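# 3D, please:
(3 chains)
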Amino acid sequence: MLPRAAFLIGLVVVVVALAVYPVFGTGYGVRAGLQMFMWIALAGSWNLISGLTGYVSFGHVAFFGIGAYAGAILITTAGWAWPLAALAGGAAACLLALLIGYPCLRLKGPYFAIAMLGLNEVLRALVSYFEGLTGGGSGLSLPTLDASRAIYYVMGGLAAAVVAATYLIVTSRFGLRLMTIREDEVAAEAMGIDTFHHKLAAFLLSAAGPGIAGALTARDQGYIEPISVFPLIVTVTMIVMALFGGKGTVWGPVVGAVALFVIQEIVWARYPHAHPLLFGAIIVAVVLLMPRGVLGLLQLRYRLPRTI
Amino acid sequence: MNVAVTPAMIGQVLVSGVLAGALYALVALGLALIFGVMRVINIAHGPLLMLGAYVTYFLYSQTGLNPFLAVPVAMVTLFVVGLLLQRTLVFRVVGAPELSSLLLTFGISIALVNLTQLAFTSNLRTIEYITGSWIVGGLALSKARTIAFVFAASLTALAFVFLRSTRLGKAIRATSQSREVAMVCGIDVGRIHLLTFGLASALAAAGGGLLAVIVAIQPEMGGVWTFKSFLVIVLGGAGNYPGALLGGMLLGLVEQLASLFLTTQLSEVVAYVLLVLVLLVRPSGLLGGRQT
Amino acid sequence: MTLKMLGALGLAVTVGLTSLPAAAQGPIRIGASLSLTGTYAEPGGYQAEGYKLCERDLNTKGGLLGRKVEMVVYDDQSQPATGVRLYEKLITEDKVDAVMGPYSSAISEAVANVTEKYKKVMVAPLAATTSIFKKGRKYAFMVISPAEVYLEGLVDIAAKRKLKTIAIINEDTLFPKASAQGTEELAKKAGLQVVFKESYPKGNQDFSGLLIKLKAANPDVLAAATYFDDAVALARQMKELDVNPKMTGVTVGGDLPKFQELLKQTAEGIYGASQWEGALPYPGAKEFFDTYVKEFKHEPSYHSAAGYAGCILYGEGVKKAGTLEADKVRDALLALKTRTMFGDYQVDRDGFQTAHKMVLLQWQEGKRVVVWPDDLANGKPRFPR
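Sure thing, here's the model as predicted:
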């Protein structure tokens, strides 16, 4: 059995270590840490909609991209400070989620998945079209600012927020209803649950994280263009991470994000070409062999609580 | 910069739309079959099309075979691939929650694309077999696209004849209407699933092979076809096989008209807006289908 | 999860993040990221070969400052964001002594932020967009002619032939946009009327709508600011839709040997812009061409030559400065005025290239013929229409 106290102590140790790291880490290391936090936030957010309600979002990177553009535009044209711009990025993403969720979540079935599948390309096209605002294909250059360390902390805060939000939802009535929708939507409706609004709420929540992360990443990279902030591989990666760790759990996406990120960093420099293949294989393996992910396996073996 | 639109231009665009529409219909029909019979949403459909394109390309470039004759070979190859995929992986998620089949086929799709990239690189390949166009009454009919249209239309027609009139075709339709009743009637549902996936893959391969004669191919070409095939099904109505024909034509025409009246940039958006509109207004499709 | 597992995980993460490779002594290590995969793989590959050849040639001649030269190249997969990460890695982790630029304006623009931050001189041999060098950057150096003049030859020949109308289309990314804008200005100055303009998204394969409108506008000249894939698709679809302007020119892609290999007869008569051709009368151009073919078993493109020249030019700067110190090398490169196998080199205060000349070539009977400017041409343009 797992002593709760030991778990919390371990958590505090890790958090302190991560908080202190930037003091003696290299620029590259801080950026790597920042990216790991980003993946935790992304995988965790994907989990909020797809893990909890069972509605698979294939275009989740769209929220990342729109957050990146909203944040970058506000920083360059309106002179906003980047923390505020990041929040605005999250808001923009929520707005997009509302626009897409409204027609698609009212229906059951695969319509949502299909709509999310095509969303990415559409946003890229729109960004290119409104080039006066977004710089179109030329991309947007942000004024030079070395804020990597500050962004490291903010991104870490975001990751923590997503995990905390997931914990709160999973242990609440709201979360229970979401999972009921996942298990059997028709029965859920018969029980009187307003499935549409529940799904929509989860969807909006799942969009905020990527939106903020996108804006923060835009600030950190200093330059964005449509293809760099709307790439399919980002959606694939967050799906793999959440699946591998255990969708529908609180810590699953964290486990998946950290594990896969570390593996990616070690293997990356040598075999960048085979990434998607590896990820595809992992997805297939997880779906067929361990649908509840690593955490699911551990839950079974060690009888861990449902809300882990 | 805007150019005044003349009737001749619209005529040209309509022709382009119809030529494109047949391909959309052909490919979407395959997807519709998988969805109708197995309730599986095959995200890997686009990559299967892409593999068909590559098989056709390599037959042509290695042996000089007429690419239009290579298409049937590609179809057979992908039929087998489809059977294998179904037999080893997909059958496990038939009847499982949607999430599983979506994720599984998604995983398969990215694996297939990456395998192709590793094997053949992302370089564009083109089949320079037939170029230019026939000029008929002031309209330019691209030779390659017109021949592809004829093939696509014939294959689609054949598919429908198969579905309507043959025992196997009727068994497929019966299974897609109701799995339980089909079983009671003595239909080996497992076998039907297998054959359907193979058949759908063959149809996608045909689309891919025909495409290979028209445009340059590269490993990621399939993704947009998956989305558009779904769009066609939504337009025509899920489970409504003739609906796929209508949906395909409609999509082809709408896209071409959009690129004429708007800019090329926006025509990508149009397909999407169309999807959202249909979902808002008439989610059961223009011809109505079964509710999912 | 157990405390042990958490601890082990934390340790692994910390070790992973803080492990640093030992700084190399001995050879001068020059780092770069190149587009070896992805949409720019074709020209990126040529540039990589150029760098390799330069590394070899520098070492045969005794290296730089008495030390061997070693190039460290990563694949940025044609993505600016990846390039940014890689240059951070090269500079802060791998601790390279110097850097060379990546492929394309977009990626060069993105990584220039990194190199400026760490004050590392970067010769960016394949960055053709003026704006990159007009942002007050101090350590970025341009080698090739800017995007704006890529199709200067096309406009010039058209004006001399007294053609009247021109259509300008471009891919919607940094370089083609700049090229289209520059071409428009040149066209207006030459007295040509711009009758059609449209841009299309990156990766676009379907030009039918655009071409139908273009056909209706009936321009004498088509100037297309493209990369490789779209140039190929455009040429094919023009044939299909029977769109035949009197002159058609494309930017990147029209000069690559593969363009003709893929299109065969359809490429005939099309103009391409090139920063360099093996047949040009520059010192060492022919030797470079022959050595390259021997080494890599295919002809070089101008990307190869630019990469090679950029690396050689950086070497010149280091030799003149006598040190690897960024500020001294920078001063040397600013003052340098020379002609290499690639052409003339001189930059203004911003590192912007002012001396190098573009050439215009035309595909005639399956071969590239340089037709403009007159003092570098080895053939005359043909006008089938």
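
# wasn't C:Arg368 part of a strand?
Yes. Assessed by DSSP: H, G, I helix; E, B strand; the rest coil, C:Arg368 belongs to a strand.

# with adjacent residues omitted, what lies nearest to it?
C:Leu361 (4.8 Å; CB to CB, 6 or more residues apart in numbering or on different chains). Using the backbone N, CA and C atoms, a C-beta is placed for each residue, glycine as well.

# for the one you found, phi and psi?
Main-chain dihedrals, C:Leu361, degrees, to the nearest 10: phi -120, psi 160.

# and stretch C:314-328, what's buried?
C:Tyr314, C:Gly315, C:Glu316, C:Gly317, C:Val318, C:Ala321, C:Leu324, C:Ala326, C:Lys328 (16 or more other CB atoms under 10 Å in any protein chain shown).

# go ahead and confirm the residue nearest to C:Arg368 touches C:Ala279.
No. Assessed by CB atoms under 8 Å, C:Leu361 is found out of contact with C:Ala279, at 9.6 Å.

# which residues are common contacts for the two?
Common contact partners of C:Leu361 and C:Ala279 (CB atoms under 8 Å, 6 or more residues apart in numbering or on different chains): C:Val370.

# neighbour-wise, which of those two wins?
Remark: of C:Leu361 and C:Ala279, C:Leu361 carries more neighbours, 26 against 18, as counted by other CB atoms under 10 Å in any protein chain shown.

# for the worst-scoring helix or strand of chain B on mean pLDDT, which positions count as buried?
Sorting the helices and strands of chain B by mean pLDDT, DSSP states H and E puts helix B:264-281 at the bottom, at a mean of 83. Buried residues in helix B:264-281, counted by 16+ other CB under 10 Å: B:264-272, B:274-276, B:278-279.

# residue numbers of the stretch 151-292 of chain B in contact with chain C?
For the stretch 151-292 of chain B, the residues found near chain C under the criterion CB under 8 Å from any CB of the partner chain are B:Val215, B:Ala216, B:Gln218, B:Gln256, B:Ala258, B:Ser259, B:Leu260, B:Thr263, B:Thr264, B:Gln265, B:Ser267, B:Glu268.

# let's see that with 10 Å instead.
Listed as neighbours of chain C in the stretch 151-292 of chain B under the rule CB under 10 Å from any CB of the partner chain: B:211, B:214-218, B:220-221, B:224, B:255-268.

# model confidence over the helix or strand containing A:His198, on average?
Following DSSP states H and E, one finds A:His198 within helix A:195-221. Across helix A:195-221, the average pLDDT comes to 93.

# and for stretch B:105-122?
Rounded mean pLDDT across stretch B:105-122 is 91.

# list the buried residues of that stretch.
Residues of stretch B:105-122 classed as buried by neighbour count (16+ other CB under 10 Å): B:105-117, B:122.

# same thing with stretch A:69-78?
Neighbour counts using 16+ other CB under 10 Å place A:Tyr69, A:Ala70, A:Gly71, A:Ala72, A:Ile73, A:Leu74, A:Ile75, A:Thr76 of stretch A:69-78 among the buried residues.

# that one near chain B at all?
No. Applying CB under 10 Å from any CB, one finds stretch A:69-78 out of contact with chain B, separated by at least 15.7 Å.

# now swap in stretch C:233-248 and tell me
Yes. Using CB under 10 Å from any CB, stretch C:233-248 comes into contact with chain B via C:Ala233, C:Ala235, C:Arg236, C:Gln237, C:Lys239, C:Glu240, C:Leu241, C:Asp242, C:Val243.

# which helix or which strand is home to the first one?
C:Ala233 belongs to helix C:228-240 when elements are defined using DSSP H and E.

# hmm, back to that, ok, the residues of stretch C:233-248 next to chain B vs C:Ala158, which is closest?
Taking CB to CB as the measure, C:Ala158 sits nearest to C:Val243 out of the residues of stretch C:233-248 next to chain B, at 17.0 Å.

# confirm that the closest one sits in a helix.
No. Remark: C:Val243 does not belong to a helix; assigned using three-state DSSP, it is coil.

# can you pull the pLDDT of it?
pLDDT for C:Val243: 90.

# that one against C:Phe207, yeah?
Yes. Taking contacts as CB atoms under 10 Å, C:Val243 lies within contact range of C:Phe207: 9.3 Å.

# which one's more surrounded, those two?
Between C:Val243 and C:Phe207, counted using other CB under 10 Å, C:Phe207 has the larger neighbour count: 25 against 22.

# contact partners for that one?
B:259, B:264, C:169, C:198, C:200, C:214, C:224, C:230, C:233-238, C:240-241, C:243 (CB atoms under 10 Å, 6 or more residues apart in numbering or on different chains).

# quick check on those: which are buried?
For those, a neighbour count by 16+ other CB under 10 Å gives the buried set as B:259, B:264, C:169, C:198, C:200, C:214, C:224, C:230, C:233-238, C:240-241, C:243.

# quick one on the thing from earlier: buried among the residues of the stretch 151-292 of chain B next to chain C? Make that a ChimeraX selection.
To isolate the buried ones among those in ChimeraX, judged by 16+ other CB under 10 Å, type:
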select /B:211,214,215,216,217,218,220,221,224,255,256,257,258,259,260,261,263,264,265,266,267,268
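
# the residues of the stretch 151-292 of chain B next to chain C: which ones sit near chain A?
B:Glu220, B:Val224, B:Leu262, B:Thr263, B:Thr264, B:Gln265, B:Leu266, B:Ser267, B:Glu268.

# farthest pair within those residues?
Using CB to CB for every pair in these, the one that comes out farthest apart is B:Glu220 and B:Leu262, at 24.7 Å.

# what is the burial count for residue 281?
Since you didn't name a chain, this refers to chain A. Neighbours of A:Ala281 under the rule other CB under 10 Å: 17.

# not what I meant, chain C
Applying other CB under 10 Å, we find 9 residues neighbouring C:Pro281.
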